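**Q** Model the structure of this input:
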Amino acid sequence: MNHVERSIVPRRSLRIELTPRALPFGLIGVSEAASGLWAGFHPALSLSMAFLVSVRVTVRLI
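**A** Below you'll find the model as predicted:
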């Protein structure tokens, strides 16, 4: 198989979509991050959880 034939073969890949949720979920995410930081949690933990609350993450196999 030469390199042209290999490039035509379809490959499976991932498609990751990030969609912001409605306003109340964003406010809940911000308040969750603020209360987590206020309580003394590690900033990476509280900010990542706030991101997951306020943004819809969709992972699809194409």
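
**Q** from here on, contacts and neighbour counts on C-alpha atoms
**A** Fine.

**Q** Thr58 is in what secondary structure piece?
**A** strand 55-61 (DSSP states H and E).

**Q** just checking, what packs against that strand?
**A** Packing partners of strand 55-61 (3 or more C-alpha pairs under 8 Å, 6 or more residues apart in numbering; DSSP states H and E): strand 14-20.

**Q** how about the helix or strand following the strand it packs on: buried residues?
**A** With elements assigned by DSSP H and E, the helix or strand that comes after strand 14-20 is helix 23-39. Within helix 23-39, the residues scored as buried using 16 or more other C-alpha atoms under 10 Å are 25-26, 29-30, 32-33, 36-37.

**Q** by contact count, what packs against helix 23-39?
**A** helix 43-54.

**Q** I'd like the mean pLDDT over the helix it packs on, please.
**A** Per-region confidence: helix 43-54 scores 84 on mean pLDDT.

**Q** That one vs helix 23-39, what angle?
**A** With axes from the mean of the first three to the mean of the last three C-alpha atoms, to 10 degrees defining the directions, helix 43-54 sits at 160 degrees from helix 23-39.

**Q** helices or strands next to helix 43-54 in the packing?
**A** The helices and strands touching helix 43-54, judged by 3+ C-alpha pairs under 8 Å, 6+ apart, are helix 23-39.

**Q** Run through who's touching the helix it packs on.
**A** With contact meaning C-alpha atoms under 8 Å, 6 or more residues apart in numbering, helix 23-39 is reached by 43, 46-47, 49-55.

**Q** need the helix or strand of this protein with the lowest average pLDDT.
**A** When each helix and strand of the chain is scored by mean pLDDT, DSSP states H and E, helix 3-8 comes last, with a mean of 58.
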